[in-house]
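Q: A predicted structure for the sequence below; I have some questions about it.
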Amino acid sequence: QVQLVESGGGLVQAGGSLRLSCTASGRSFSIYTMGWFRQAPGMEREFVARIRWSNGNTYYGESAKGRFAISTDNAKNTVYLQMNMLKSEDTAVYYCAAATDSASFNYWGQGTQVTVSS
């Protein structure tokens with residue numbers, strides 16, 4: 001089992017920045033990829049970004065390109081999501097996820113609320 005705990009959400013004005021953190025525990029050595037997703041009220045869950053644990057390769061969803069950056073601190077079993085130039089449409093609950101194989105994300109955090117005021 002892998003446990004994920006997110007932090008760093010909050011209220012920010014449009015144009016501002018936030019950094020989300022997600023720390024893995026348990027069988028964290030089995031993690032293949034970590035990612036961030038988000039879900040706004042009444043909307044489907046949306047992919048934001050992912051990073052390969054072993055080599056740091058990253059991939060971003062369209063809404064994140066150019067504004068968000070995903071990174072890891074492997075020594076701390078932590079993944080970060082730096083969010084810049086935030087917009088009101090970035091308001092959502094952000095979820096950290098981990099995949100222990102290449103197929104799908106099979107572990108999820110509890111989510112952290114990000115609210116961007118315009």
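A: Here it is on my side, so go on. Numbers count the residues shown, from 1 in each chain.

Q: what about residue 69, how many neighbours?
A: Neighbour count of residue 69, defined by other Cβ atoms under 10 Å: 16. Any C-beta I mention is one placed from the backbone N, CA and C, and that applies to glycine too.

Q: Would you map the strands across the chain?
A: 2-7, 10-13, 18-26, 33-39, 46-52, 58-60, 68-73, 78-83, 92-99, 107-108, 112-117 (DSSP state E).

Q: Against residue 13, how distant is the closest residue to residue 37 other than its chain neighbours?
A: Closest residue to residue 37 apart from its sequence neighbours, by Cβ to Cβ, 6 or more residues apart in numbering: residue 95 at 4.8 Å. Taking Cβ to Cβ, to the nearest Å as the measure, residue 95 falls 23 Å from residue 13.

Q: who has more neighbours, those two?
A: Per other Cβ under 10 Å, whichever of residue 95 and residue 13 has more neighbours is residue 95, with 22 against 10.

Q: Could you double-check that residue 87 lies in contact with residue 114?
A: No: using Cβ atoms under 8 Å, residue 87 is not in contact with residue 114, being 11.0 Å away.

Q: Of those two, which one has the most company?
A: It is residue 114, of residue 87 and residue 114, that has more neighbours when counted by other Cβ under 10 Å, with 22 against 13.
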